[in-house]
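In: Sequence isn't available, so here's the structure alone:
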């Protein structure tokens, strides 16, 4: 039996630096268990990490991928753990998720309820908690308030729409392709408009004169000007993505006369500054939102580990939904 | 006797829309007094107001100018006031300051101690309190901390340098002309560097590895990228000017990975949200800083009301110091 893994030993475009390696599966040592990967996920930050542009970088050579789930396939008899074979767990982020198997210790593993489908579970650890925390930690939102976001068809974007719907918040969703309006409205989007150059009147008309207390930016460049035009005085614009894109730009007057604030959110930093219990509690809330409220991430396609370059191309193309990798 | 006043009845470039009017001085009514203007000041916001780009605009036709001082020249015998003729007061902002005389009621007039020279007094009501509040309300500064600013030769900039020096704070000053280094250092600037494209290494070398907790922006455009490169993680960048310039731009990654915050400061809003007593207390602190600590605004030149167009041209040209208007 062997393990497949996607590795890189230098930073650069994923298509150029990623390699598929096949290595024999070694025996478990006492204290260890083995997870068989079911689904991994492609996040923009994976490409930033591979490319060398992300805020923290792994030691090279590294195994790619931050997010995935698998089932516990084997446990060494001398390993102390409450996990059983067959349990579904998050692939440990620090060891890389784009691999068919991983051998690790049980400490810190996140157990996923069996009712959560594996494809959904593979998408629940980075983007959905980002959406949840953005809505809870910024803007002091109350039911009836409006939120504006760009890249609304992103994974965070679709979770923002669903979470807002659930909480009586309204969303203005900027998208770059008209055909996204219908699927986003089906998820609960109140207003979907073109992320083009001149939409402020449209925003006011379509929202009945409402402007947003919170703006969520994962694009950068001129799109931030449009977000800020949709914001109420005193509002907050949080940037959580777009690291490799154009510089953010917006008119000075919005800061001075409209008292908007710009800040950032980095999920990694939140994770580092919270305890294991707090992180588990956050994930439990997300598991409940999937089980009880039916929230989900759209899935755009699934590729095998051997097709990782195609998967990355798909994940970098216009689409709605996550591109998954299976073992 | 007549009054000279600079008026405008439509918004546009100052050179095109300003008019000099000469009107007879009318008699005082009960409750009124008359102020003879000594010196008025040209602020960027004056040009924004005349041009129609400022955050609040006067009813037209309007008398130009927001800031100036004069002496009380006559008081109607039936006017109740603690002021005496000869007292120096701020020209009431709402009635326009670019005029030889103004007739008004005494309520709300700011009295200026006679020890403050009239030229300095004319510059004390908008820029110096902005500098003071920027340093007190943002960045949570402690002695030894660093502040970075652009347009360091502006009036706010020179006050920031002097106030920082007084409080044991250090300043990194970006300027667009090398010849400003010596006069800014004479005021107490720690580091003066070119506001050019590639100065981050220079900043770290010149400050002994220190980065700024607070950045002050009144320029916009690419200069904000340079400010943010000089900022420590978690720092605050406050924009208080540059309303008519290029959009602010900066890389997304600074918001996310370096956790910098961007916000605005508008003196007008501070004034509206504070009581007359609080405003007077702020001005008293500034009067003391001039009298006791010798802080001052450099003066670049003085023009008569009849030369207002030349004055505006001088105020719009590279220089260090305020351009004043005398009656």
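Out: Sure thing, it's come through. Please read all numbers here as calculations on a predicted model, not as lab measurements.
In: Helix or strand with the lowest mean pLDDT in chain A?
Out: helix A:200-206 (a mean of 86; mean pLDDT, DSSP states H and E).
In: contacting residues for residue A:221?
Out: A:242, A:245, A:246, A:247, A:248, A:249 (Cβ atoms under 8 Å, 6 or more residues apart in numbering or on different chains). C-beta coordinates here come from the backbone N, C-alpha and C atoms, glycine included.
In: quick one: pLDDT of it?
Out: If you check residue A:221, the pLDDT there is 89.
In: Secondary structure element for it, which one?
Out: Under the criterion of DSSP states H and E, residue A:221 resides outside all helices and strands.
In: now residue A:157
Out: Element membership of residue A:157, judged by DSSP H and E, is helix A:155-167.
In: Give me the phi and psi for the residue nearest to the spatial centre of chain A.
Out: Geometric centre of chain A, nearest residue: residue A:127, 2.2 Å, by Cα atoms, centre = their mean. Main-chain torsions, residue A:127, degrees, to the nearest 10: phi -70, psi -50.
In: near chain B, anything from the least confident helix or strand of chain A?
Out: No - counting by Cβ under 8 Å from any Cβ of the partner chain, chain B has no neighbours in helix A:200-206; the shortest distance is 15.4 Å.
In: which parts of that helix are buried?
Out: Going by neighbour count (16 or more other Cβ atoms under 10 Å in any protein chain shown), the buried part of helix A:200-206 is residue A:203.
In: Restricting to the contacts of residue A:221, which residues neighbour chain B?
Out: Among the contacts of residue A:221, the ones lying near chain B by Cβ under 8 Å from any Cβ are A:242, A:245, A:247, A:248, A:249.
In: Which residue, neighbours along the chain excluded, lies closest to the second one?
Out: Same thing as residue A:245. The shortest distance from residue A:245 to any non-neighbouring residue, by Cβ to Cβ, 6 or more residues apart in numbering or on different chains, is to residue A:220 (4.2 Å).
In: Report the contact partners of the one you found.
Out: Counting by Cβ under 8 Å, 6+ apart, residue A:220 touches A:239, A:242, A:245, A:246, A:247, A:248, B:252.
In: contacting residues around the second one?
Out: Contacts here follow Cβ under 8 Å, 6+ apart; on that basis residue A:242 touches A:217, A:218, A:219, A:220, A:221, A:248, B:252.
In: could you dump the residues you listed to a markdown table with distance to residue B:286 and secondary structure?
Out: Output for the contacts of residue A:242, formatted as a markdown table (distance: Cβ to Cβ, whole Å; DSSP: H, G, I helix; E, B strand; the rest coil):
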| residue | distance to residue B:286 | secondary structure |
| --- | --- | --- |
| A:217 | 39 | strand |
| A:218 | 44 | coil |
| A:219 | 43 | coil |
| A:220 | 40 | coil |
| A:221 | 41 | coil |
| A:248 | 35 | strand |
| B:252 | 39 | helix |
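In: Just give me the closest of those residues to residue A:120.
Out: residue A:218 (21.1 Å; Cβ to Cβ).
In: Surely the closest one touches residue A:237?
Out: No - using Cβ atoms under 8 Å as the test, residue A:218 is too far from residue A:237 to be in contact (11.4 Å).
In: Of those two, which one has the most company?
Out: Neighbour totals were compared for residue A:218 and residue A:237, and residue A:237 leads with 27 against 24 (other Cβ atoms under 10 Å in any protein chain shown).
In: Quick check on the closest residue to the more buried one other than its chain neighbours: phi, psi?
Out: Nearest residue to residue A:237, sequence neighbours excluded (Cβ to Cβ, 6+ apart): residue A:215, at 4.1 Å. Per-residue torsions, residue A:215: phi -120, psi 140 (degrees, to the nearest 10).
In: okay, now residue A:215: neighbour count?
Out: Residue A:215: 30 neighbours (other Cβ under 10 Å).
In: of the contacts of residue A:220, closest to residue B:268?
Out: residue A:248 (25.9 Å).
In: Share the number of residues neighbouring the closest one, please.
Out: Neighbour tally, residue A:248, other Cβ under 10 Å: 29.
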